[in-house]
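[1] below are the sequence and a predicted model; questions follow.
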Amino acid sequence: MTLSVKHLLGIKELQPEDIERIFQTADNFKQVLNRPIKKVPSLRDTTVANIFFENSTRTRISFELAEKRLSADVVNFSASGSSVSKGETLIDTVNNILAMKVDMVVMRHSASGAPWFLANHIDASIINAGDGINEHPTQALLDAYSIRERLGDVKGKRVVLIGDIMHSRVALSNIFCLTKLGAEVMVAGPPTLIPKHIESLGVKVEYDVKKALQWCEVANVLRIQLERQHKPLFSTLREYALYYGVNRQMLDSIEKEIVIMHPGPINRGVELNSDVADSKQSIILPQVENGVAIRMAVIYLLSGKREVE
Amino acid sequence: MKTLLDKNQLNITLQRLAHQLVENHLNFQDTAIIGIQPRGIWLSDRIAGMVKAITGQQQVDYGKLDITFHRDDVHQHDIHIPAPTDISFSIEGRNVVLVDDVLHTGRTIRAAMDALLAYGRPKNVELMVLIDRRFSRELPIQPDYVGQTVDTIITQKIKVYWAEKDEKDEVVLIDQ
């Protein structure tokens, strides 16, 4: 009755039933988060290490809150100010943390594939909190969960991912997650930011953002990841905002009211204008709220049966 | 396999339990009924309906409580998938009657009390069960309203069938 996987490395490895089970469990945790006492004792015998080799606000706080609301003990680790700067390897770092009796690892790393590498070398369950330009599974789960909450279902819905598809792990995880759940997915943005052959993942490609918006029911606007772009892929941010940014005027020019999402942090005035981000069409803050429930569900479901020592 | 209660006997027992509840709580102004997920809710559905019929009240506070996250054996079994909790009223300062089908070790009720207190501080909490397996207790928990008390050993099982989901009303004792 649990998940088909021991780790949550990527959405790619999940079955649609796993995703449904995570959503169903998250529904219950959402109820828990709305009671006067927002905490359950389920994981009081579990210790979780949050290992972040890359910066994060939302994801890290969300994971930490999720762990604390499950009554787990939490240790936080960030690469800056640690022995990583003295040249310690990833496996050594993690094994030293695990030697202190840690049961589960949440890791963010700038190298794509790092959590898979780690999973081959340690026994603890690993949750990928974002690896390079590859996957960010819990973000995709909370995005799909938020669509399900707003529109009733994900199946059959038309979702467009707009922006830096090339460097976005949120985009790849979203594509896997939404297609597994039966949604129609389109990617839109400048040709230089959309990988070649992405159609092979079962998505449509559109270079005109307005046309993409006319097609969809949900638009997930992604951040321009300047820190990962090692060569110029568009002339200026101003030009990008002009041709690919989502603004009020553009949304008013299409007849229907579409749902606007953003995984954060927003570059206001670049990919998304404030008059859209702060409007009632936007579910950006509900996404953040759902993030805690989704992460509680993932941690709870992966905590699994344990041999008594 | 032995039938403990057939359809007719079960109905008489439920009527008695509902009347005992009304006897103690009269018009249910300060009392709420809460069924324990997943199996207790079939009993609590019936009891809540009967209480409404007996008292003539349109509105009796009735909720359902899931205890999955409060269990004391989370990592001894495969992870349990929770059922919904639905408590749409405040239990602060109220009388709460917890309802479950079979009382066995008492661990479910311990978890239920823990889960319940996360929603507020009730004035008092009572326990109603259809079947009390009285010699199997592992915790000091006793029911206030009992349908039938049975003496069982650990290898035996009690199965409660409800017409709403099993197409028959019956309580049986199974030897294994």
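    Cool, the structure landed. The structure displayed is predicted, hence computed values, not measured ones.

[2] going forward, measure contacts between C-alpha atoms and count neighbours the same way
    Noted.

[3] what is the burial count for B:Leu139?
    When neighbours are defined as other CA atoms under 10 Å in any protein chain shown, B:Leu139 has 12 of them.

[4] contact residues of the stretch 1-150 of chain A facing chain B?
    Contacts of the stretch 1-150 of chain A with chain B, taken as CA under 8 Å from any CA of the partner chain, map to A:1-2, A:25, A:27-28, A:31, A:35-38, A:40-43.

[5] tell me which two in these are the farthest apart.
    A:Met1 and A:Pro36 (29.5 Å; CA to CA).

[6] what about the residues of the stretch 1-150 of chain A next to chain B, which are in helices?
    In helices, defined here by DSSP state H, the members of the residues of the stretch 1-150 of chain A next to chain B are A:25, A:27-28, A:31.

[7] now the element after the strand or helix carrying B:Arg110, going C-ward?
    Counting by DSSP states H and E, the element that carries B:Arg110 is helix B:107-117. The helix or strand immediately downstream of helix B:107-117 is strand B:124-133, counting by DSSP H and E.

[8] packing partners for the helix or strand just after that next one?
    Scanning forward in sequence from strand B:124-133 by DSSP H and E, the next helix or strand is strand B:145-150. Contacts defined by 3 or more CA pairs under 8 Å, 6 or more residues apart in numbering or on different chains; DSSP states H and E place strand B:145-150 against helix B:7-25, strand B:124-133.

[9] sheet-wise, list the partners of the next helix-or-strand element following strand B:145-150 with their directions.
    Once the chain leaves strand B:145-150, the next helix or strand it forms, by DSSP H and E, is strand B:157-161. Paired with strand B:157-161 in the same sheet, following DSSP bridges, are strand B:170-174 (antiparallel).

[10] could you give me the buried positions within the partner strand?
    B:170-173 (16 or more other CA atoms under 10 Å in any protein chain shown).

[11] can you tell me the average pLDDT over that strand?
    Average pLDDT, strand B:170-174: 94.

[12] list of residues touching it?
    B:1-7, B:10, B:156-162 (CA atoms under 8 Å, 6 or more residues apart in numbering or on different chains).

[13] do the same with stretch A:69-82
    A:38-54, A:64, A:67-68, A:85, A:296, A:300.

[14] could you list the buried residues of that stretch?
    Across stretch A:69-82, burial judged by 16+ other CA under 10 Å covers A:69-74, A:78.

[15] same list (those residues) but as CSV, adding secondary structure.
    Below are the buried residues of stretch A:69-82 laid out as CSV (DSSP: H, G, I helix; E, B strand; the rest coil):
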residue, secondary structure
A:Arg69, helix
A:Leu70, coil
A:Ser71, coil
A:Ala72, coil
A:Asp73, strand
A:Val74, strand
A:Ser78, strand
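
[16] quick one: these as JSON lines, columns for pLDDT and distance to A:Val221 too.
    Shown next, in JSON lines, are the buried residues of stretch A:69-82 (pLDDT from 0 to 100; distance: CA to CA, whole Å):
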{"residue": "A:Arg69", "pLDDT": "97", "distance to A:Val221": "30"}
{"residue": "A:Leu70", "pLDDT": "96", "distance to A:Val221": "31"}
{"residue": "A:Ser71", "pLDDT": "96", "distance to A:Val221": "34"}
{"residue": "A:Ala72", "pLDDT": "96", "distance to A:Val221": "33"}
{"residue": "A:Asp73", "pLDDT": "96", "distance to A:Val221": "35"}
{"residue": "A:Val74", "pLDDT": "96", "distance to A:Val221": "32"}
{"residue": "A:Ser78", "pLDDT": "85", "distance to A:Val221": "28"}
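
[17] could you list the low-pLDDT ranges of chain A?
    A:1, A:305-309 (pLDDT under 70).

[18] which one's the longest helix in chain A?
    Assigned via DSSP H, chain A shows its longest helix as helix A:284-303.
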